[in-house]
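> what would the 3D arrangement of this be:
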Amino acid sequence: MTIEDLRAIPLFASLDETTLADTARRVHICHYRPGQHIIHEDQPAHAIFFVVRGRVRLARTAPDGREQVLAMAGPGEYFNAVPIFDGGLSPATARAMSHVTCLLLARDDLLALIRKHPDLALAALSDLAGQLRELVTLVEDLAFRSVRARLARLLLAEAAEGAAEVTHQELAERTGTVREIAGRALRQMAEERLVKLERGRVIVLDRERLAKVAEE
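The predicted model follows:
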């Protein structure tokens, strides 16, 4: 692992070379297969994970088996930070959605780095604050917006280049509903020419009108 590899991760981008070199000596590279579980919720946490390649799905599971997707972590993002700092259990299950490469930084190593390099602590606090804001937005969406509005917001966020590479099941899980309801809302959007449905992806046809739906 080189300093330039670490600098590609936003959390480390602004740190000096001494901090980066010290970090590079402590990280380990891990690889995961599609569908493989990386960590399980409510189990002891031993490390923080930085995604280098692929996508990782973070979710909570209800007693009846239903899942609420909390986030999708892609290259440059990290997960499992909270229990590293508060000493609790992992708050979410992390599963590889593709071939995934992660950098693993053990809890003791991360805490040692933070004690030695205060700038790393400030960077981590800033990034965690951003993640907290995203969770607040998720709670707001689930509490105050319809399934149709939640789907519209998610599609706008995912379809940066015109198409969202997501299945109907994933859309349902990420918007806190079931596949049948999500599918019905998507078909209605397709009939209104807001989106076009294809296998494994949704193409946004009219971002301006979809943005209005997101605010309903």
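
> how far away from the center of its chain is stretch 172-180?
Put simply, stretch 172-180 sits 16 Å off its chain's centre (CA atoms, centre = their mean, to the nearest Å).

> how about it: buried residues?
Ala172, Glu173, Arg174, Thr175, Gly176, Thr177 (16 or more other CB atoms under 10 Å). For the C-beta atoms, the positions are set from N, CA and C on the backbone; glycine is no exception.

> out of those residues, which two sit at the greatest distance?
Arg174 and Thr177 (9.3 Å; CB to CB).

> list residues touching both of these two?
With contacts defined as CB atoms under 8 Å, 6 or more residues apart in numbering, no residue is adjacent to both Arg174 and Thr177.

> tell me the domain boundaries of the chain?
Domain assignment for the chain by automatic domain parsing gives 3-142, 146-214.

> can you lay out those as JSON lines showing mean pLDDT?
Formatted as JSON lines, the domains of the chain follow (pLDDT from 0 to 100):
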{"stretch": "domain 3-142", "mean pLDDT": "91"}
{"stretch": "domain 146-214", "mean pLDDT": "88"}
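
> which stretches of the protein form helices?
Here the chain has its helices, by DSSP state H, at 3-7, 17-24, 82-86, 107-116, 118-144, 147-158, 168-174, 179-191, 207-214.

> how far off helix 207-214 does the longest one point, in degrees?
Right, the one you point to is helix 118-144. 70 degrees (axes from the mean of the first three to the mean of the last three CA atoms, to 10 degrees).

> got the buried residues for helix 118-144?
Neighbour-count burial for helix 118-144 [16+ other CB under 10 Å]: Leu120, Ala123, Ala124, Gln131, Leu138, Asp141.

> among those, which pair sits farthest apart?
Farthest pair in these, by CB to CB: Leu120 and Asp141, 31.9 Å.

> which residues are contacting stretch 97-117?
Contacts for stretch 97-117 (CB under 8 Å, 6+ apart): 1, 6, 9, 15, 18-19, 22-23, 26-36, 38, 45-57, 72, 84, 120-121, 124.

> can you list which of these are found in strands?
The members of the contacts of stretch 97-117 that map onto strands under DSSP state E are 28-32, 38, 47-53, 56-57, 72.

> please pick the buried ones from these.
Burial by neighbour count, 16+ other CB under 10 Å: within those this picks out Tyr32, Ile38, Ala47, Ile48, Phe49, Phe50, Val51, Val52, Val56, Arg57, Met72.

> in JSON lines: those, plus distance to Ser90.
Formatted as JSON lines, these follow (distance: CB to CB, whole Å):
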{"residue": "Tyr32", "distance to Ser90": "16"}
{"residue": "Ile38", "distance to Ser90": "10"}
{"residue": "Ala47", "distance to Ser90": "10"}
{"residue": "Ile48", "distance to Ser90": "11"}
{"residue": "Phe49", "distance to Ser90": "11"}
{"residue": "Phe50", "distance to Ser90": "16"}
{"residue": "Val51", "distance to Ser90": "16"}
{"residue": "Val52", "distance to Ser90": "20"}
{"residue": "Val56", "distance to Ser90": "13"}
{"residue": "Arg57", "distance to Ser90": "14"}
{"residue": "Met72", "distance to Ser90": "17"}
